[in-house]
Structures are given as structure tokens and as C-alpha cells.
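In: Give me coordinates for this.
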Amino acid sequence: MRFLPFSCRLGCFCHTGRVVSLSMDLGKWRQELSELEVDVLSADQCAALVVDLSKLIKAGEAKRAQLAARAEAGYAHRQLGYTNAADWLAEAAGTSTGEARKAIETAIDAAQCPATEQAWRNGELSTVQAAEITETEKAQPGNEDELLATARSKPLRALKDKARHQRLKGCDPNDLRKRQRQARLLRHWTDELGLGCVAVRMLPEQATAVMARLDHRTEQLRRQARREGKDEAWDARAAAPVEVADSAIAPRDEGGRQV
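Out: Below you'll find the predicted structure:
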């Protein structure tokens, strides 16, 4: 399956009283960027361009998501051989289908968050930041201004934490508990280094108890490593989960002692 490049001849359209070509000379921009010699620039010039390009990329992602949402609404992806617009956008953008779907949904939801939409289109917000704000505003209206201020002044993690708190605050406790129980999982796999990996989702109180044991055992192992003059104190963080798991599943006698 193939998708049409953005530079295809789609004609022109009228926007705010002026005719704008959809080709927009994007091909020239890409060529200029590809031919830019980084080695001839100073470190300060590179730093300045990183900031400017980041804003341009974020603005481009916003417009791409809006165009994809509009294309999906008109079933344009089906004419290109795709039954799912997210699959089409994922192939065009080189992302996962999940990321593509999130971008389209963010573009749709952003229509109800004018300040966030404007900041996203201006390159002030990334798609991830815009998604956090629009999802929260959809679930718990009235938080857009506060979250937008957080996005502009704090790291992404701070925005995610605040947005999650606002979303959970508006949930019915019984419904939230039901959703939490349904979302629990245990998944394991082997990564490219042959390491065993485990992903666990558990109830909040269970996670608190487990992490308390892990933190306690980690600190014990770190102190032991320091006493023995080892430089591998950080390994304690990786060793602690294994020891705690071994302790939990080890055979025990009738008195509860490990055997």
C-alpha cells in the first residue's frame, strides 16, 4: 500500500481571505535542512537551531494530526488502500498505530480546548503534552488553563502527574476500583540482550507495599556494597527485585521459615 506525499498537487484553498497553495514549498525546506552543514556551525548556533527546529517540528506534528483527522473524516485513507486511518498515518509518519491514533484523537479533542490548540499549532506544545491536556479537559472540564501553564513551565512528567491526578479526582470511586482491577496484568518477555523482562500493573496499595520492600532491600544491598568496598552499589537496584521475588516464592516450613 502506498500513501500520497504531502507535496502532491491538491490545488488551492481559501483561508482567511487569501489563497494558499497546499504544496507550500515543503520540499525546498527539507532540501535546505538536509544540506545544512552542522560541522560549520558553532555550538551556540546549533543550540539555537535545536530550539527553533523543535518548535517547527511540534507545529508540524500538530498540523499533520489535524490534516489526518480531516482526511479520516472524509474517508480519504480508504481511497489509499487503508481500512484504518491510524495505520495510514503511522506508515506516513513512521510511528506506531497507537501513536497515530492518539495524534488524531488529540486533534479532534483539541477543538474543544482553544488555548491548547493554539499553543500546539504554534509549536509551544508537543503532541504528548497536548494529549494530556485535552484528555483531562474531556474527562474533567475546567483544568485547561492550569495544565497549559504547567506544560509551558514544567517537565513532561510534572504535567502527566497533574493531569492524571485531575482525571482520577473526577472518577466515581467504585467505577475507578473496577477499572483498576480490570487493568491489572503480568507480562514477561526476553529483550534483545537476552535479559528477562517483567511488566506488572497492580492495585495502588499493592504497589506501595511492594515498592517499600524493594526500596528497603535496595538500601541494604547498597550499604553492604559500600562496606565491602565495591563500586557496584547501583547494581543493588537491579538485584533487589530478584531477591524479594525469590524470598516470596521460596519454600517454607510449617513455621513460615524459608527452607
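
In: Verify the stated contact: Ala59 with Leu125.
Out: No. Applying CB atoms under 8 Å, one finds Ala59 not in contact with Leu125, separated by 9.5 Å. Placement of C-beta: from N, CA and C, glycine included.

In: tell me, how many neighbours does the closest residue to Val128 other than its chain neighbours end up with?
Out: Of all residues not flanking Val128 in the chain, Leu156 sits nearest, at 6.5 Å (CB to CB, 6 or more residues apart in numbering). By other CB atoms under 10 Å, 13 other residues sit near Leu156.

In: In terms of neighbours, single out the busier of Ala59 and Leu125.
Out: More crowded of Ala59 and Leu125, by other CB under 10 Å: Leu125, with 28 against 16.

In: Distance-wise, check that one relative to Thr134.
Out: Note on Leu125: its distance to Thr134, by CB to CB, to the nearest Å, is 10 Å.

In: same check, this time on Gly27
Out: For Gly27, the distance to Thr134 - CB to CB - is 32 Å.

In: between those two, who's got more neighbours?
Out: Taking Gly27 and Thr134 together and counting by other CB under 10 Å, Thr134 has the greater number of neighbours (25 against 12).

In: Contacts only, for Ala90.
Out: Residues near Ala90 by CB atoms under 8 Å, 6 or more residues apart in numbering: 96-97, 99-100.

In: Just the element for it, please.
Out: Per DSSP states H and E, Ala90 falls inside helix 85-93.

In: if we can go back for a sec, shared neighbours of Leu125 and Thr134, which are they?
Out: Taking CB under 8 Å, 6+ apart as the contact rule, Leu125 and Thr134 both touch Thr116.
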